[in-house]
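Visitor: build me a structure from this.
(2 chains)
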Amino acid sequence: MKLLALTKGVPDFSEGAVSFDEDGHLERGDTPTVMNPNDEQALEAALQTKVRQGGTVGLMSMGPPGYQDILEEGMESVYADELYLCSDREMAAADTWATAITVATGIEQMDETPDIVFAGFKTADGETGHTGPQTCWALDRPLITHVISMDVDPEAETVRAKRLVKGDVSEIETVEAPLPCAIVTDPEFEPVYRKAEHRLRHKDLREETQERVKNADDHLTVWSQEELNLDPDYIGLDGSPTIVSGVDPIPKAPDEREATVIEAEDEEGMREVLGEITQYAAEGD
Amino acid sequence: MTEDANDSAAVRTDGGESTMSEHEHYEAIVVGCGPGGAAAAAALAENDVETLVLERGVDAGSKNVSGGLIYAEEAAPYTIDDLFPDFREEATERPAEEYKMHNVSGNKVASFDLEEIHHGGTEWCDAVLRREMDSWLADRVHERTRETGGGLLTDVRVNGLLREGGEIVGVTCDELDPITADVIVAADGVNSELARDAGLMNWDEPEDWFQGVKAVVDMDRETIEERFDLDGPDDGAAHLFSGDLFEGVRGGGFLYTNEDSLSIGTVFHLDSIAEERAEPQDLLDALLTHPLLDQWFQGEYEELEYSAKLVPDSKKVANPSPHSGRLLLVGDAAGQMQAQGPIIKGMNHAVSAGGLAAEAFQDAKTRGDPTLAGDLYEQKLEGEGVMDQLRPTRYEATSWLSESSIATSIGSAVMNSPIGRFGVKTFDGLLEKSFNSPFVLGMIPDTKISYVTVPTVIGDVLGEPVSADNEIEPPDLADRIGDLTYDVGDPHIEVLDNSYEASGTAVTACPVSAEDFGGGCYRSETVESNGSKERVVSLDTQPCVECGTCAVVADTHWEHPAGGKGVEFKQG
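Guide: A predicted model of the protein is given here:
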């Protein structure tokens, strides 16, 4: 089974790593790039499928040449076999649509089309959650989102997955899709290995990967705009219909605020508070 | 759909009684990868038996503690270096060439040379640290069993036996779906949950157990060689201690040299610890701070690890028929731990038993009936002389000399009388000789005379005073526990009766608890309700070292934590 997981390098927003200027804007140069945290579940889902069904896992990203490190990190953590990087100045500053077109073209360029494409929930920098589904749209294949557990039936050539549908009451839906398809994992996804055979194979893969990582370069394919034969008008900044007019930092809460304590038994006090809240909500201020 | 997160979590709702026919199957399952499990797995793999090894630690050895000396005996059917070449070069510390017993009375010490009994019938004997040793074994076990189609998995706790129609057919685990096998070798240690599930062992009587407590102490190799007068890295020493330094608790102490550390510990009869309300950590400190040890510490003491375990008294509990259906018990799980006076041998017997269990399964297969494995294993344990070492018939003759018997009281009085003391003086040489006699040791009764009175009188009559001041300060319990606090997951021990009468002994006997401490696993509290006061015990399993003491001395429901959870010994 041929599997592919998509990943992206994002600024490391963790405490102590991230750097902002005085105006609260991110200083990219001073902030390390790491693998997008939500991609971890997509990669784990791909690995789980490889462990259970056999086959190979590829990792693909679009970004500057430095993203090779992110892909190598991914190779180590989920024992990927092949790494793919779509990298060209023409691809820079792409929005989710242009990224999806580029990545989908990369996927079609692969020697063998993957049976399942995995993507994470959303990126830590963009937060849109669009790229996975849009790539799937560009590939014209069925998509299951918010996946928390999944398995493949190789004979029926289907994927059955449980998806978490959040609402007033969260529900778990079980859905089935024919192969080839795409999966977007939910942050709640956890790989499950309940068979000794699978854990043993997992252990084998770890040992095999330790050797492969030493020569990760040999397993990396980098595609330029030309090699992917992409129209410059459909990629990068020029191909991005989204225009970000500005970014406003979220104002910090004041250090001190006035508080009036109302005891739960104080009916009159409660009534006053409710009145104030209702008025506040009505004014929309 | 073969496997799914939410479906599979609900698999084991049937209390271990299997109703599903399509389980994952291996020809053999070995539970636990200590020396017994490793030996069984290696011997099974040698016979090309598809073998799955399940170990609950994050690494083999992370749950194990032993004194520890491992012996290779000339007459043993299997030795660890037969099964694992390079074992001594790569997995052990120093050979125990010197073997001395110190009889202590106050600051007077009479030292006996026990090399005759130590080296007699012994090919070699090395000090080991279990984390390093067992993980080394596990790597080799995985390599060999993987070739059979099986392999070794860590972080998996086998929590019970899988039965079909009442027959044992496999195992159930916390982390895996049930697995069936033609043979199950339970080498899951002194607190074997499988042995108890099968009704082959129990935790009922404190008399059946010893409790061992150990400190691994940092010391660089040059200092060890200088202070113990050793000839380089291939030389080492073992020292045993008994007499009046343990407040009358029946047992003794040991010190073994490792490559660049010392293993120093105490082993006591659990019933004696319970009766005397002794605090194990204080008994260990009594040894550590005795003037005799100053020659080695010279005021320097850095404890790398504090650990504890239960030790089965094979004379009483080694099961002569350690099997049930497809289940064969090996090592501590079967009570196969020989502790007779200064002789403490366990790992070698576990290795023999593991090899014999594998051999029995192979023979049974050859006869066309794998279900014969248990009976054949029992015959082999008997035929190869393993059982006779574990339960010497000579011991049966003297075991009636219990602690409370009149004979014991008279014996103690005589020993302490001028007549007894005169005897000790007169038979000085003979005494040392008798300590070196396997015949005599095999019938030493488990009384205070043997463990305390005789060594104390010997120390007093024959000993020389030790004038040194041992000024080291071992860490207190809070510091020791500080290094032993782990994520145990859900509490794995439940106190069934929290009254002080039923479970109060755990407060003192638990090696990570103490009266007047307030930390640790067990605490005693006085609860006032409706005007009446009641003394109860409370439990916090966070610093639990999983020794099993409270399972014996208190009223508990005791299980191991899930795979990869709980205590993780770095030295062992």
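Visitor: what's the domain layout of chain B?
Guide: Under the assignment automatic domain parsing, the domains of chain B span B:5-91+B:129-201+B:319-390, B:95-123+B:204-314+B:411-474, B:486-558.
Visitor: those domains: which one's closest to chain A?
Guide: Ranking the domains of chain B by proximity to chain A (C-beta to the nearest C-beta) places domain B:5-91+B:129-201+B:319-390 first, at 3.6 Å. The way it works is simple: take the backbone N, C-alpha and C, and place the C-beta from them, glycine included.
Visitor: how about the domains of chain B in JSON lines, adding mean neighbour count and mean pLDDT?
Guide: Formatted as JSON lines, the domains of chain B follow (neighbours: other C-beta atoms under 10 Å in any protein chain shown; pLDDT from 0 to 100):
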{"stretch": "domain B:5-91+B:129-201+B:319-390", "mean neighbour count": "22", "mean pLDDT": "92"}
{"stretch": "domain B:95-123+B:204-314+B:411-474", "mean neighbour count": "20", "mean pLDDT": "89"}
{"stretch": "domain B:486-558", "mean neighbour count": "19", "mean pLDDT": "92"}
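Visitor: just checking, next helix/strand downstream of the helix or strand hosting residue B:262?
Guide: Assessed by DSSP states H and E, residue B:262 sits inside strand B:261-269. Next in sequence after strand B:261-269, counting helices and strands by DSSP H and E, comes helix B:270-275.
Visitor: can you list contacts of the helix or strand just after that next one?
Guide: Next helix or strand after helix B:270-275 toward the C-terminus (DSSP H and E): helix B:280-288. Residues outside helix B:280-288 that contact it (C-beta atoms under 8 Å, 6 or more residues apart in numbering or on different chains): B:211, B:213-215, B:241, B:245-247, B:249, B:251, B:253, B:264-266, B:268, B:273, B:293, B:301, B:306, B:308, B:470, B:472, B:474, B:477, B:480, B:509-512, B:514.
Visitor: rewinding a little: now the strand holding residue B:262 against helix B:280-288, angle please.
Guide: 120 degrees (axes from the mean of the first three to the mean of the last three C-alpha atoms, to 10 degrees).
Visitor: may I have the strands that pair with strand B:261-269, each with its orientation?
Guide: strand B:209-218 (antiparallel), strand B:251-257 (antiparallel) (DSSP bridges).
Visitor: in a markdown table: the domains of chain B, plus distance to residue A:189.
Guide: A markdown table is the format used below for the domains of chain B (distance: least, C-beta to C-beta, whole Å):
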| stretch | distance to residue A:189 |
| --- | --- |
| domain B:5-91+B:129-201+B:319-390 | 9 |
| domain B:95-123+B:204-314+B:411-474 | 38 |
| domain B:486-558 | 21 |
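Visitor: partners of the residue of the stretch 101-250 of chain A found nearest chain B in the sheet?
Guide: Nearest to chain B in the stretch 101-250 of chain A, going by C-beta to the nearest C-beta, is residue A:149, at a distance of 3.6 Å. Under DSSP bridges, the beta-bridge partners of residue A:149 are residue A:162.
Visitor: test my guess that it contacts residue A:185.
Guide: No - using C-beta atoms under 8 Å, residue A:149 is not in contact with residue A:185, being 9.7 Å away.
Visitor: which one's more surrounded, the two?
Guide: residue A:185 (31 against 27; other C-beta atoms under 10 Å in any protein chain shown).
Visitor: so how far is chain B from residue A:61?
Guide: 27 Å (C-beta to the nearest C-beta, to the nearest Å).
Visitor: in the longest helix belonging to chain A, which residues are buried?
Guide: Ordering each helix of chain A by length in residues (DSSP state H) puts helix A:196-214 first. Using 16 or more other C-beta atoms under 10 Å in any protein chain shown as the test for burial, helix A:196-214 gives A:196-203, A:205, A:209, A:212.
Visitor: interface residues of chain A facing chain B?
Guide: For chain A, the residues found near chain B under the criterion C-beta under 8 Å from any C-beta of the partner chain are A:52, A:148-151, A:153, A:160, A:162, A:172, A:190, A:192, A:194-200, A:203-204.
Visitor: if we go to 7 Å?
Guide: Counting by C-beta under 7 Å from any C-beta of the partner chain, the residues of chain A close to chain B are A:52, A:149, A:151, A:153, A:160, A:162, A:190, A:192, A:194-197, A:199-200, A:203.
Visitor: what's the pLDDT at the residue nearest to residue A:165 when sequence neighbours are not counted?
Guide: Spatial nearest neighbour of residue A:165, excluding adjacent residues (C-beta to C-beta, 6 or more residues apart in numbering or on different chains): residue A:171 at 4.7 Å. On pLDDT, residue A:171 comes in at 95.
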